[in-house]
Every structure is written in C-alpha cells, then in structure tokens.
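1. coordinates only, sequence not included:
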C-alpha cells in the first residue's frame, strides 16, 4: 500500500481502517503481532473474504525510519 513516517499515526490509522473493513466482510484467520529485531515490529491480520485470503500488515522498519502498510489478496478458488 505504501510507506510513511516511522510509527506514524497515519500508517496506524490506515492499517486499522483496512482491518476493520476486512473484519466486516470476512472471517479472521490469523492475528499476529510479532516482535522482530528491535526497533522493528510486524503486525499481521488475515481474513477469508468470500474465498479470497486477504492479508493486511503493518511493518515498522527502524533502519529505514519508515512504517509500511501492506495489503495482499490471494484467490483460494
């Protein structure tokens, strides 16, 4: 989806908005908030939406001083 300032409110809000939209339409498969090499972090939500696996992740990359929101969909049919 895109990147923003490190741990920015905008990136967190985009992640939450996408997760909320997917939760409305689909069933939660996975919720993982994983600690990776400090000060990085990784938060993943996966949903099944009408036969499509939808993943939304929030990744803080300390070395790059950036936070990224990723959206991925895979048709399971």
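-> Everything's here; your move. These numbers were taken from a predicted model, which means no experiment stands behind them. Numbers count the residues shown, from 1 in each chain.
2. what's next to stretch 5-12, contact-wise?
-> 3, 4, 58, 60, 61, 62, 64, 65, 66, 67, 68, 69 (CB atoms under 8 Å, 6 or more residues apart in numbering). (C-beta placed from N, C-alpha, C; glycine too.)
3. give me the element the fourth one is part of.
-> Put plainly, it is residue 60. strand 52-61 (DSSP states H and E).
4. adding neighbour count, write the contacts of stretch 5-12 out as a markdown table.
-> Converted to a markdown table, the contacts of stretch 5-12 look like this (neighbours: other CB atoms under 10 Å):
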| residue | neighbour count |
| --- | --- |
| 3 | 15 |
| 4 | 16 |
| 58 | 23 |
| 60 | 20 |
| 61 | 16 |
| 62 | 15 |
| 64 | 12 |
| 65 | 11 |
| 66 | 17 |
| 67 | 25 |
| 68 | 17 |
| 69 | 22 |
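5. could I get these as TSV with pLDDT and distance to residue 40?
-> Shown next, in TSV, are those (pLDDT from 0 to 100; distance: CB to CB, whole Å):
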residue	pLDDT	distance to residue 40
3	66	14
4	76	15
58	93	11
60	90	5
61	88	6
62	86	5
64	89	9
65	90	11
66	92	10
67	93	10
68	93	11
69	94	15
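6. and the next element down the chain from the helix or strand of the chain with the lowest mean pLDDT?
-> Every helix and strand of the chain was ranked by mean pLDDT, DSSP states H and E. The lowest is strand 2-5, at a mean of 72. Downstream of strand 2-5, the next assigned helix or strand under DSSP H and E is helix 9-25.
7. thank you kindly, that will do.
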